[in-house]
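Asks: no sequence for this one, just the structure:
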C-alpha cells in the first residue's frame, strides 16, 4: 500500500515568500503542497494545487473538511499601508481566526504563523536586543500595526488553549529581497533619506533565509514564539552604503512631511510612521531560534541588499499581502 503524502497548506501562496516556500517544499519527496490565495500564482509548479479562494469564506473550510492536512503555513497577512484599517482588520485578524479555528476543528497537528519583528516597535529606550517576552509596542507610533499585533497575541493565546496543536509564531527581522515591504522599498529609492544625528542599528534577513526559518519551524516538537534574525546588526548608514546610492541628510522634524508627500504621490511605498526605523533601534535577540530551531542564516547583509535591489519598486502591483 502506498504511503499517504504529507499535506501542507500555504495561505498567501501568491505572495513573494509564499511562492518561494512553495517552490522549496514541492521538491520534497512525499509532500503535497496546496496553496490558498485569491491572487494568481505566476509560474506555478505543475504539482502544486492553487485554490483561488478567500480564507474568510466557506470554500476555505471545505478544503480542511475534505482533506487530512498535516501542517498550515499561514503567510497570508496584509501589510499594505494603502489599505484601510477595516480591510486590514478583516483580512488579518478575522482571516487568522478562521484558519486557526479550522486547524482545531479538523485536527491539524502543526501551524506555523509568520508574524513580524515590527510588533515590538522602534523605541528610544529599547534594550540592545529584544527577546520574545518583550511587550509588543509597535502600534504606539504606527497604528497600522494594531491588527498584526492582535494576530500575534491571538496566536499566542491559541497555543496555550490548544496545546495538542504545535503552533509556532515567527517574528523575523526586516526581510530583504523581492518582497515589497518598507525596508526593501526604502533601499530601492534613487536617493536614500537619512536623519541628521541618527544612525540606529538595524537587522536584515535575506528572503531565502526567511523561507529556511519557516521550513525549520515545521519540524515536529517545535512550538512557541521565535525571533528570526539574519547576520549581525549594523548601523543604518553602513547598510545604506552597501547600495552605492547617494543619501539625503534631513532633520527629523522635516522628513515626515517629505515622506508623506512622496507616499501620496506614490514615489515611496512606505508612510512617514515607518521613519522611526531609521531613527531608533529595534534589534531582535535570535538566540531561541538558534538554540531550539537550530536556525542559522546562510546569506550575508550584502547579499540581502543585492536581492532587494534586483526588484524594481514599480514592477507590477501586488494585492497587498506581503512579508514584513
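Replies: Nice, thanks for sending it over. Keep in mind that this is a model prediction, so the values were computed, not measured. Numbering: from 1, shown residues only.

Asks: next up, the contacts around residue 296.
Replies: Listed by C-beta atoms under 8 Å, 6 or more residues apart in numbering, the contact set of residue 296 reads residue 290. From N, CA and C alone the C-beta is placed, and that goes for glycine too.

Asks: do that again at 10 Å, thanks
Replies: By C-beta atoms under 10 Å, 6 or more residues apart in numbering, the contact list for residue 296 reads 209, 212-213, 216, 230, 286, 289-290.

Asks: taking these together, which two end up most distant?
Replies: Between any two of these, the greatest separation by C-beta to C-beta is 14.1 Å, found for 216 and 230.

Asks: out of the contacts of residue 296, which one sits closest to residue 127?
Replies: Using C-beta to C-beta, residue 286 is the member of those that lies nearest residue 127, at 14.0 Å.

Asks: not counting sequence-adjacent ones, nearest residue to that closest one?
Replies: Distances taken as C-beta to C-beta, 6 or more residues apart in numbering place residue 229 nearest to residue 286, at 3.6 Å, with adjacent residues excluded.

Asks: I figured that neighbour hits residue 170, correct?
Replies: No. Contact status for residue 229 versus residue 170: not in contact, 11.0 Å apart, counting by C-beta atoms under 10 Å.

Asks: in helices, which of the contacts of residue 296 appear?
Replies: If you go by DSSP state H, the contacts of residue 296 have 209, 212-213, 216 in helices.

Asks: tell me the one of those nearest residue 133?
Replies: residue 213 (19.3 Å).

Asks: thought the closest one was touching residue 289?
Replies: Yes. With contact defined as C-beta under 10 Å, residue 213 reaches residue 289; the gap is 6.8 Å.

Asks: anything in contact with each of the two?
Replies: Taking C-beta under 10 Å, 6+ apart as the contact rule, residue 213 and residue 289 both touch 170, 172, 226-229, 295-297.

Asks: report the two of those separated the most.
Replies: Across the shared contacts of residue 213 and residue 289, the longest distance by C-beta to C-beta is 15.0 Å; it joins 170 and 296.

Asks: show me the strands in the stretch 201-324 of the chain, by range?
Replies: Listed in chain order, the strands of the stretch 201-324 of the chain (DSSP state E, counting those that start in this stretch) span residues 201-202, 204-206, 224-228, 234-235, 247-250.

Asks: so what strands line up beside the first one?
Replies: By that I understand strand 201-202. strand 234-235 (antiparallel) (DSSP bridges).

Asks: outside of the strand it pairs with, which residues touch it?
Replies: 198-204, 241-242, 281, 283, 301.

Asks: just the buried residues of the residues you listed.
Replies: 200-204, 242, 281, 283, 301 (16 or more other C-beta atoms under 10 Å).

Asks: now these as JSON lines including pLDDT and distance to residue 53?
Replies: Shown next, in JSON lines, are these (pLDDT from 0 to 100; distance: C-beta to C-beta, whole Å):
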{"residue": "200", "pLDDT": "93", "distance to residue 53": "41"}
{"residue": "201", "pLDDT": "94", "distance to residue 53": "42"}
{"residue": "202", "pLDDT": "95", "distance to residue 53": "37"}
{"residue": "203", "pLDDT": "96", "distance to residue 53": "35"}
{"residue": "204", "pLDDT": "97", "distance to residue 53": "33"}
{"residue": "242", "pLDDT": "97", "distance to residue 53": "41"}
{"residue": "281", "pLDDT": "89", "distance to residue 53": "41"}
{"residue": "283", "pLDDT": "95", "distance to residue 53": "38"}
{"residue": "301", "pLDDT": "97", "distance to residue 53": "38"}
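
Asks: low-confidence ranges, the stretch 51-200 of the chain, go.
Replies: Scanning the stretch 51-200 of the chain for pLDDT under 70 picks out 78-90, 143.

Asks: all the helices of the chain, residue numbers only.
Replies: Using DSSP H, helices in the chain cover 16-25, 58-66, 85-88, 95-105, 146-161, 182-187, 207-217, 236-241, 255-264, 287-288, 301-309.

Asks: can you say which of those helices is nearest to residue 46?
Replies: For residue 46, the closest of those is helix 16-25, at 11.9 Å, according to C-beta to C-beta.

Asks: now the closest one, how far from the centre of its chain.
Replies: Centroid separation for helix 16-25 versus its chain: 13 Å, with C-alpha atoms, centre = their mean, to the nearest Å.
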